[in-house]
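> With the sequence up front, the predicted model follows.
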Amino acid sequence: MLLLKQSKNVLHIIAVGIFSIPAIFSLLRPGFFTSDDGVWMIIRFTAFYSSLADGQLPVRFLKGLNFGYGYPVANFLYPGFMYIATPIHLLGFGFVDSIKILLILSFILSGIFSFLWLKTLFGNLSAFLGATLYIYTPYHLFDLYKRGSVGELLAMVFVPLALYGIEKKNYYVVSISIFFIVVSHNSMALLFLPMILIYAFIRRKINVKNVYGIITGIMLSSFFILPAVFELGYTYFSKTSISNPLEYFVGVDLIGIVSIVLVIVASLLCLLRSGNSHKIKTHKGLFILFLLVSLISIFLSVPVSEFVWKTGVSAFLQFPFRILALLLVSNAFMGGYILDSLKGKTRIMVFVLLLFLTFYSAIKFLSPTEFTNIQDSVYATNPATTTVKNEYMPIWVSEFPVKQYESKVEVLDGVGVAQNLVEKSNNINFVMKNNTKTTIQLNTIYYPGWKAYVNNEEVNIKYDNPNGVMEISIPSGEQNIKFIFSETPLRIFANSVSLLAVLMLMSYPFLRFIKLKK
């Protein structure tokens, strides 16, 4: 019987994978689709990979961006997708294909993880319907083919996995899921982590394993979180208006007819049958949670919520449509909840109807408007910063670069020539031959962590020039010059917290073993 039950689960998981094919079919075409952010993510990944290959770990400063002057974007914006795409690239796939494979896996795995989570609450058919809703909620497809938001899509893979881990009280699943949600996308973490915590409270799953898992997951991501928060003041971020949120409200098409129907039907079902349905009573707390999630998501995405977006919320979420990411989870639960509360022919009819509404709501978002076929080398040489308004530029840069420099090393005062230049993202060294005391400029913007050495002795770096690039003074003669990008005390502490979390993960089986022996 157990074998039969497991085989049914496997068949349903395979079915979820098959049902996800229409969503990812367009990704099988050559080239990459035109979207808001997708191309920028490929460009950023190429620069990230180059920095990682230089031995920079964690990767923070990307030398290939900002016209070659460098840009610390990986220190602030969701590096998770680039770390995960790296082994795909190492298998021999190009940068474009690596990102496309990551997107394909994101959709397939988000459906599978949704099924596994919902299976802990409902039967196979209900979990299958919920997983399908998770994949085809319109915002999920909009995020892919219109926005190209690789980080958001990756974060949404691990939300149902975190809920599954909470249900199973699995320390490893909870901690790894929380970690990936945080490093996959900043705004998605702000949206989903409170919901996950409330979910755990409602399910009375706030136990040692889950609490330990959540804490470990956050600790694992400390290498990213702490510098991203405490170094933000070095940048123009707080002084930059990224977008006007009042221009990004949505209509019924992006909310999805299916989302509205699910809210109405689930509410009526709960009201009409609350007195005699054990299953409805069992999950009533979750129903209230996800009903509120749906209503809040829909409300905040439409123009009537304009007064909310005029407050500080826009600084964290930027776009009203982004709140619709929560609908993926609430729709999945609502679909499973409705179907599991019905029996017989009514159940089958509702299953077919909801599937129809799901695909009807999704159909206009199932493919991009345009594809381009550009070689990897073009992405690798793009000089952009890959951010909307260069908002992570250090505040000491008053004149942003608009073209590539003519020489990496320039002599500002005196006479000299740089030879044998070797440039990496975290290590730039050369020999300077000069007959007089000389001031030289390295055309790389300064960011905390850069240090300069003349003949292995550290010297002071000045960067109070309009471009915010590094200047040092050197004596006459032949000098060995090194510029090294290293971790600051804050980053060393953040990295140490992450390493401690790794040790906690590794030691957990031994702690359990000791406890069992006692």
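Sure thing, it's come through. Numbering: from 1, shown residues only.
> close enough to count as contact, Gln479 and Lys437?
No - counting by C-beta atoms under 8 Å, Gln479 does not reach Lys437; the two are 10.8 Å apart. Every residue, glycine included, has its C-beta placed from N, CA and C.
> which of those two has more neighbours?
Taking other C-beta atoms under 10 Å, Gln479 and Lys437 do not tie; Gln479 has more neighbours (20 against 13).
> Could I get the contacting residues of the nearest residue to that one once chain neighbours are set aside?
In this structure, Gln479 finds its nearest non-sequential neighbour in Met432, 4.6 Å apart by C-beta to C-beta, 6 or more residues apart in numbering. Met432 is in contact with 409, 416-419, 438, 440, 474, 478-481, counting by C-beta atoms under 8 Å, 6 or more residues apart in numbering.
> same thing but 6 Å
Contact analysis of Met432 by C-beta atoms under 6 Å, 6 or more residues apart in numbering lists 416, 418, 479, 481.
> now, which of those residues sits nearest Phe316?
Ile481 (42.5 Å; C-beta to C-beta).
> What is the burial count for that closest one?
Count around Ile481 with other C-beta under 10 Å applied: 21.
> got the contact list for the host helix or strand of it?
Using DSSP states H and E, Ile481 maps to strand 477-485. If you take C-beta under 6 Å, 6+ apart as the criterion, strand 477-485 is touched by 61, 426-433, 442, 449-455.
> Kindly export that strand (C-alpha atoms) in PDB.
The C-alpha trace of strand 477-485 is given here as PDB (Å, rounded to 0.1, in the frame of the first residue of the first chain):
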ATOM      1  CA  GLY A 477      62.000  55.000  -9.400                       C
ATOM      2  CA  GLU A 478      60.600  51.600 -10.400                       C
ATOM      3  CA  GLN A 479      57.700  50.700  -8.200                       C
ATOM      4  CA  ASN A 480      55.600  47.600  -7.900                       C
ATOM      5  CA  ILE A 481      52.000  48.800  -7.500                       C
ATOM      6  CA  LYS A 482      49.100  46.700  -6.200                       C
ATOM      7  CA  PHE A 483      45.500  47.500  -5.600                       C
ATOM      8  CA  ILE A 484      43.600  44.800  -3.700                       C
ATOM      9  CA  PHE A 485      39.900  44.500  -3.000                       C
END
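> Can you list the residue ranges for strands in the stretch 351-500 of the chain?
Under the criterion DSSP state E, counting those that start in this stretch, strands of the stretch 351-500 of the chain are mapped to 371-372, 409-413, 416-423, 427-434, 438-445, 450-454, 457-459, 469-474, 477-485.
> Show me what counts as buried in the fifth one.
Of the residues in strand 438-445, those buried under the neighbour-count criterion (16 or more other C-beta atoms under 10 Å) are 438, 440-445.
> Could you do the second one as well?
Buried residues in strand 409-413, counted by 16+ other C-beta under 10 Å: 409, 411.
> which helices and strands sit right next to it?
strand 438-445 (3 or more C-beta pairs under 6 Å, 6 or more residues apart in numbering; DSSP states H and E).
> Quick check: beta-bridge partners of the residue nearest to Gln479?
According to DSSP bridges, the partner residues bridging Met432 are Ala418, Gln479.
> Surely Leu129 and Phe333 touch.
No - counting by C-beta atoms under 6 Å, Leu129 stays clear of Phe333, with 10.8 Å between them.
> Looking at these two, which is more packed in?
Phe333 (31 against 25).
> Pick out the residue closest to the middle of this structure.
Nearest residue to the geometric centre of the chain (C-alpha atoms, centre = their mean): Ser184, 2.3 Å.
> Roughly how far does that one sit from Leu262?
26 Å (C-beta to C-beta, to the nearest Å).
> go on, His12?
According to C-beta to C-beta, His12 and Leu262 sit 21 Å apart.
> try Val174
27 Å.
> Ser341 too?
Following C-beta to C-beta, the distance that separates Ser341 from Leu262 is 13 Å.
> Comparing these two, which shows the higher neighbour count?
Taking neighbours as other C-beta under 10 Å, Ser341 and Leu262 compare with Leu262 leading, 28 against 23.
> how about the more buried one, what does it touch?
331, 334.
> Make sure I have this right: it is in a helix.
Yes - the assignment for Leu262 is a helix, going by DSSP: H, G, I helix; E, B strand; the rest coil.
> quick revisit: where's the dip in pLDDT among the buried residues of strand 438-445?
Among the buried residues of strand 438-445, Thr438 has the lowest pLDDT, at 87.
> who touches that one in this structure?
Contacts of Thr438 by C-beta under 6 Å, 6+ apart are 414, 416, 474.
> Just the buried residues of these.
By 16+ other C-beta under 10 Å, those give 416, 474 as buried.
> Good, we can wrap up now.
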